[in-house]
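> I need the structure of the sequence given here:
(chains A and B)
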Amino acid sequence: MRKDAHLIINHSSGLHARPASLFVKTANQFESEIQISNLSMGKGPVNAKSILSVLTLAVGKGNEILISADGADADQTIEALTKLAQSNFGEDLHQ
Amino acid sequence: MNAIHGIPASSGIALGFTFLYLPKLPEVTVYEVGNTDGEVKRLERAIKAVDDDLVSLASIIAARATLDEAQVFEAHRMFLQDPMFVGEIVQQIKMKRLNAESCVANVVSDFCGKFENLEDEYFRQRSQDIADVGNRLSRALLGILNPRLDCLSKPSIIIAENLFPSDTAQMDVRQVKGFVTVLGGPTAHAAIFARSLGIPAIVGASCEILELCSKENFAILDGDEGTFFFDPDEATIREYEKRQRVTMENALHSLKFANQPAKTLDGTRVEVVANIGQVSEAIQALDKGAEGVGLLRTEFLFLDREEAPDEDEQFNQYSEIGDAFGDRPVVIRTMDIGGDKRLPYLTLEAEDNPFLGLRGLRLCLKNPEIFKVQLRAIFRASVGHNLKIMFPMVSTVNEIQKARQIVSEVLAELADRQVNYSKVEIGIMIEVPAAAVAADVLARHVDFFSIGTNDLTQYTMAADRTNSSVQDIADAFHPAVLRLIQQTIRAGHEAGIWIGLCGELAGNPLAVPLLLGMGLDEFSMGKASIPEVKETIRKWSVEKARKVTAHALSLPDAVSVRDYLCNLKPA
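Coordinates of the predicted model:
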């Protein structure tokens, strides 16, 4: 089973340091193979479970990313990663 | 003999052999392996060893530095579990049948190449992190120890490009006579660390020093002038040995009188107190002659933890420091944290300019619950101790009024709980230029001021104090900064309140006549500077100091002020 999602990264530092490591840690909780691309910069796809690969995408604030999961838990994977990005990596702006 | 100049970061003189601390990639040779499974096992053992190392480094750092710095090691540990990194190394060992360290070097250099091609500066810098992890892995595979500063064979002068908290964390300070770094300014980590140990240091030295010191040799470090002599001649050695002896005799002399009050020749008594950031520093500060605490940084209670410290924990810590100082004053600065720090229990938005953002009192006013816990703990601990409260990063009267409103709510809650508290003076830091300019207005709302010259300087001069390229601009001796200090003291005195100063400037003997001349009441500094500053105060009269101040304030720039002060004779 395969599932995709388009996300905008709104975190002020983009996908690096803490947000990047949270993203990769979350990805590693699932069985699915997960790919991520930076659509805004035309980089990727790369393995979303690899912190180094994710960092090479240089995702900045406001960039659009595409994530796709392939595996039995693809639904849950995409849901968890989407939630993480939407909560601004646990630093919800509205809290 | 070669002389190299830099920025004097910590005073004193050291003579000794150099030790070049330059973590570099070890020599890697390439050879074929027969047993690739064995080679993968060897790689796995090395990964485990590096991981253990990083865990222990992270825990040493967490105890000393900020959460951000500890997070660097967390990121490095993630690299060691990265499937595209480790996976690729394993793949190469199996396919190419080459030794593990050569495959590590290949994969690291591939990743470095990818990062170095990126446009964004932050992402480009990650090549440094992967190179660092790669070096650790190679060293583990080759059985080479990581360059460490905890096993120096003899007392040495450390020469380095930069010293990070991870380097100083594992430094055997008994064997370190001083250090010289190429990067960093006088308020960089390395400089503050040197001053806290009371060892000489130079920062921002010319990078040729790294090449010069590639071979160990005898050298002289002059932390007063910012000069480093490599392979000095006999005459220079003798001159410096003499200066070192005089300095040590003076230091011993100062220490002998450290517990005597700091009274000027014409009988004015000023208070000399300590800046401390840990309970454990209290006793050391007393030994050096501290007459109290002018700045207790409470951040140590809040950083590097998952949950905010509760009221009882804070109460115990404040009481313990209060106990150490008896009836001497202890000024507690409320939490001074901003967007450059991460606290798991507090939502802090990352900011483009954290030093101009929601920090200090501004942050506390937005998070009154955390603020109230701290205030309750301080008021509870005030019974039997001479505690004072100080708010950091104040710009407007309105902020003081809001903070005072929260204080009244806290006092009402304590009264409801039938908890006792004593009268506590409430003051503010003057570190924002707006607060210095409007000091006459702010003074009507508080019991005291304490001037934070580090931030006041960087905000007034618009020069980041951690940026080595603008260090000459971010100088507290600039007449613009000195005028703001004078204006603040004058406005405070007209309103009948006392004024302290708790920035680096207070601990600099050079600044003593200036500050005496301006009428400063309380000098607060790192404990190591106390004996010497007390000694210097005793050599001046306020009358003479006033003339010095008047002249210094008329000079055009920081360099001329420093030159003028260096050539002064007291009394």
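> And the pLDDT at the residue most central in space within chain B?
With distances taken as Cα atoms, centre = their mean, the residue of chain B nearest its centroid is B:I192 (4.2 Å). Looking at B:I192, its pLDDT reads 72.
> and chain B, what are its domains?
B:2-22+B:149-250, B:36-142, B:269-541 (automatic domain parsing).
> Show me what the longest helix anywhere in chain A packs onto, helices and strands only.
Counting residues, the longest helix in chain A under DSSP state H turns out to be helix A:74-86. With contacts taken as 3 or more Cβ pairs under 8 Å, 6 or more residues apart in numbering or on different chains; DSSP states H and E, helix A:74-86 sits against strand A:2-8, helix A:17-27, strand A:64-70. Using the backbone N, CA and C atoms, a C-beta is placed for each residue, glycine as well.
> Mind doing that once more with 6 Å?
If you count contacts as 3 or more Cβ pairs under 6 Å, 6 or more residues apart in numbering or on different chains; DSSP states H and E, helix A:74-86 packs onto strand A:2-8, strand A:64-70.
> and the ones you listed, which is most packed in?
Among the helices and strands packed on helix A:74-86, ranked by average contacts under mean count of other Cβ atoms under 10 Å in any protein chain shown, first place goes to strand A:64-70 (a mean of 20).
> ok so, going back, centre of the chain versus the longest helix of chain A, how much separation?
Put simply, helix A:74-86 sits 8 Å off its chain's centre (Cα atoms, centre = their mean, to the nearest Å).
> now the domains of chain B in CSV, with distance to chain A?
Formatted as CSV, the domains of chain B follow (distance: least, Cβ to the nearest Cβ, whole Å):
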stretch, distance to chain A
domain B:2-22+B:149-250, 16
domain B:36-142, 4
domain B:269-541, 4
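> Let me have these in JSON lines, extended by distance to A:V46.
Supplementary listing: the domains of chain B in JSON lines, determined by distance: least, Cβ to Cβ, whole Å:
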{"stretch": "domain B:2-22+B:149-250", "distance to A:V46": "29"}
{"stretch": "domain B:36-142", "distance to A:V46": "8"}
{"stretch": "domain B:269-541", "distance to A:V46": "24"}
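> between those domains, which one is nearest to A:E33?
domain B:36-142 (10.5 Å; Cβ to Cβ).
> starting at the chain centroid, how far to the closest one?
The answer for domain B:36-142 is 29 Å, by Cα atoms, centre = their mean.
> list the contacts for B:G226?
B:5-8, B:202 (Cβ atoms under 6 Å, 6 or more residues apart in numbering or on different chains).
> which among those residues end up buried?
Neighbour counting by 16 or more other Cβ atoms under 10 Å in any protein chain shown classes B:6-8, B:202 among the contacts of B:G226 as buried.
> Give me the neighbour count for the residue of chain A found nearest chain B.
Going by Cβ to the nearest Cβ, chain B is nearest to A:S50 of chain A, at 3.7 Å. Using other Cβ atoms under 10 Å in any protein chain shown, A:S50 has 25 other residues around it.
> I figured it hits B:V86, correct?
No. Between A:S50 and B:V86 there is no contact under Cβ atoms under 6 Å: 9.5 Å.
> So what sits opposite the closest residue to B:Y21 other than its chain neighbours in the bridge?
Distances taken as Cβ to Cβ, 6 or more residues apart in numbering or on different chains put B:A160 closest to B:Y21, at 4.2 Å, once the chain neighbours are dropped. B:A160 has these beta-bridge partners by DSSP bridges: B:Y21, B:T181.
> Of all the helices and strands in the chain, which has the lowest average confidence?
In the absence of a named chain, this looks at chain A. None of the helices or strands of chain A scores lower by mean pLDDT, DSSP states H and E than helix A:17-27, at a mean of 89.
> Switch to chain B, please.
Every helix and strand in chain B was compared by mean pLDDT, DSSP H and E; the lowest is helix B:165-169, with a mean of 64.
> Surely B:G294 forms part of a strand?
Yes. The assignment for B:G294 by DSSP: H, G, I helix; E, B strand; the rest coil puts it in a strand.
> Helix or strand for the residue lying closest to it once chain neighbours are set aside, just tell me which one.
Closest residue in space to B:G294, ignoring its immediate chain neighbours: B:S524 at 2.4 Å, by Cβ to Cβ, 6+ apart. Per DSSP states H and E, B:S524 falls inside strand B:522-525.
> which residues does B:L15 bridge with?
Going by DSSP bridges, B:L15 is paired in beta bridges with B:I220.
> can I assume it is in contact with B:D222?
No. With contact taken as Cβ under 6 Å, B:L15 and B:D222 are classed as non-touching, separated by 9.9 Å.
> contacts for stretch B:204-211?
With Cβ under 6 Å, 6+ apart as the criterion, stretch B:204-211 contacts B:4, B:6-7, B:159, B:180, B:182, B:468.
> Which helix or which strand is home to the closest residue to the residue of chain A closest to chain B other than its chain neighbours?
Residue nearest to A:S50 in three dimensions, not counting chain neighbours: B:M84, with 3.7 Å by Cβ to Cβ, 6+ apart. Applying DSSP H and E as the criterion places B:M84 in helix B:83-96.
> contacting residues for the residue nearest to B:G294?
B:273, B:275, B:294-295, B:500, B:502, B:506.
> redo that, cut-off 8 Å
B:272-275, B:293-295, B:331, B:450, B:500-502, B:506 (Cβ atoms under 8 Å, 6 or more residues apart in numbering or on different chains).
> where's it relative to B:A511, distance?
The gap separating B:S524 from B:A511 is 13 Å, by Cβ to Cβ, to the nearest Å.
> got it, and B:G289?
Applying Cβ to Cβ, the value for B:G289 to B:A511 is 18 Å.
> The two: which is more packed in?
Between B:G289 and B:A511, counted using other Cβ under 10 Å, the more crowded position is B:A511 (27 against 23).
> so the more buried one sits in a helix?
Yes. B:A511 forms part of a helix when assessed by three-state DSSP.
> still on that earlier bit, out of the buried ones among the contacts of B:G226, which sit inside strands?
B:7-8, B:202 (DSSP state E).
> Quote the end-to-end distance of stretch B:525-541.
Distance across stretch B:525-541, first residue to last, is 21 Å (Cα to Cα, to the nearest Å).
> what does chain A put close to chain B?
A:11-13, A:16-18, A:21, A:24-25, A:46-47, A:49-53, A:55-56, A:58, A:60, A:91-93, A:95 (Cβ under 8 Å from any Cβ of the partner chain).
> Show me just the buried residues among those residues.
Counted by 16+ other Cβ under 10 Å, the residues of chain A next to chain B give A:11-13, A:16-18, A:21, A:24, A:46-47, A:49-53, A:55-56, A:58, A:60, A:91 as buried.
> Select from those every entry located in helices.
Per DSSP H, those map to helices at A:17-18, A:21, A:24, A:51-53, A:55-56.
> and B:T466, helix, strand or coil?
Going by three-state DSSP: B:T466 is coil.
> What pLDDT does the model give it?
B:T466 is assigned 72 on the pLDDT scale.
> Likewise for the one 4 residues further on?
What the model reports as pLDDT for B:V470 is 85.
> Skipping its backbone neighbours, what lies nearest B:D336 in space?
B:D336's closest residue in space is B:P392 (Cβ to Cβ, 6+ apart), at 4.1 Å.
> Just want the phi and psi numbers for that neighbour.
Dihedral angles of B:P392 (phi, psi; degrees, to the nearest 10) stand at phi -90, psi 160.
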